[in-house]
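Chemist: Generate coordinates for the sequence data below:
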Amino acid sequence: MKFQEVIDKRHTTREFEEKKVSLKTLKKLVSNATKAPSAANWQPGEFYIIQSEEMIKKLSEILVKFLGKENKELKKLPKKLQGITNKFYSTLGGCKTVIFVYTKRNKDLRKRDSSIMSVSASIENLLLSAVDENLGTCWMGSFKMVQKEINVLLKIPKNFEMVAGLLIGYPKKGYIPLKRKKKKLSEVLRVI
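Modeler: Residues are numbered from 1 along each chain as shown. You can find the predicted model right below:
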């Protein structure tokens, strides 16, 4: 696949096939992630691949419990979107693989920001590599809101901070991603 095609095809996937992604393919994605630029070549990202059905079910239960606590925000959404959100959290779209990306906690704000930016660059490499492998992904910010519970579940060291949780899998046949309007170049670009 040509690079521009990879960029154009990347979108969020919220419905996945039952098929698991092979560990060989997942290792390739993580390897590509590690080739991203990082501040001072620190390479601060650590990747945790979860494929245990039991663990994925527990992750889903944590999210559903969180969603119940955030019910006020959920009720502000249109009814149809409330249903979609509830279903997605309770099943994670049928996804069979979750990758959590962590970095060591850092009290020095400059170093923390550099670590988060570096890890974010590696995540984008991973997402684009997934497209090249005909995989779908969903970068879920919700995992960050329940990282304490997830860290306990996965026995993540206390000195680590979650940057993101990613769902990765084969998009369900016939899945049509949400069409989201992107800002025009004139809205985001300033030439000085």
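
Chemist: Identify each buried residue in the longest helix along the chain, please.
Modeler: The helix spanning the most residues in the chain, taking DSSP state H as the definition, is helix 109-132. Of the residues in helix 109-132, those with enough neighbours to count as buried (16 or more other C-beta atoms under 10 Å) are 111-112, 114-116, 118-123, 125-132. C-beta here means a position set from N, CA and C on the backbone, and glycine is covered the same way.

Chemist: What is the least confident helix or strand in the protein?
Modeler: When the helices and strands of the chain are scored by mean pLDDT, DSSP states H and E, helix 71-75 comes last with a mean of 72.

Chemist: neighbouring contacts of that one?
Modeler: Outside of helix 71-75, the residues within contact range by C-beta atoms under 8 Å, 6 or more residues apart in numbering are Leu67, Gln82, Thr85, Asn86.

Chemist: chain center to the longest helix of the chain, what's the gap?
Modeler: Average the C-alpha atoms of helix 109-132, do the same for its chain, and the two points are 11 Å apart (C-alpha atoms, centre = their mean, to the nearest Å).

Chemist: for that helix, packing partners?
Modeler: Other elements packing on helix 109-132 under the criterion 3 or more C-beta pairs under 8 Å, 6 or more residues apart in numbering; DSSP states H and E are helix 3-9, helix 23-33, strand 98-104, strand 136-140, strand 160-169.

Chemist: Looking at the longest one now, give me its mean pLDDT.
Modeler: Meaning helix 23-33. Per-residue confidence for helix 23-33 averages out to 98 on the pLDDT scale.

Chemist: Give the buried residues for that helix.
Modeler: Of the residues in helix 23-33, Thr25, Leu26, Lys28, Leu29, Val30, Asn32, Ala33 count as buried by neighbour count, 16+ other C-beta under 10 Å.

Chemist: For the last one, give its distance to Met140.
Modeler: In this structure, Ala33 and Met140 are 17 Å apart, going by C-beta to C-beta, to the nearest Å.

Chemist: In space, what's closest to Lys9 - neighbours in sequence excluded?
Modeler: Val131 (5.2 Å; C-beta to C-beta, 6 or more residues apart in numbering).

Chemist: surely the one you found meets Asp8?
Modeler: No. When contacts are counted by C-beta atoms under 8 Å, Val131 is not listed as touching Asp8 (9.2 Å).

Chemist: Could you provide the helices and strands packed on helix 109-132 in TSV, with additional columns for distance to Gly45?
Modeler: Formatted as TSV, the entries for the helices and strands packed on helix 109-132 read as follows, by distance: least, C-beta to C-beta, whole Å:
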stretch	distance to Gly45
helix 3-9	21
helix 23-33	7
strand 98-104	6
strand 136-140	14
strand 160-169	7
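
Chemist: Thanks again, I'm all set now.
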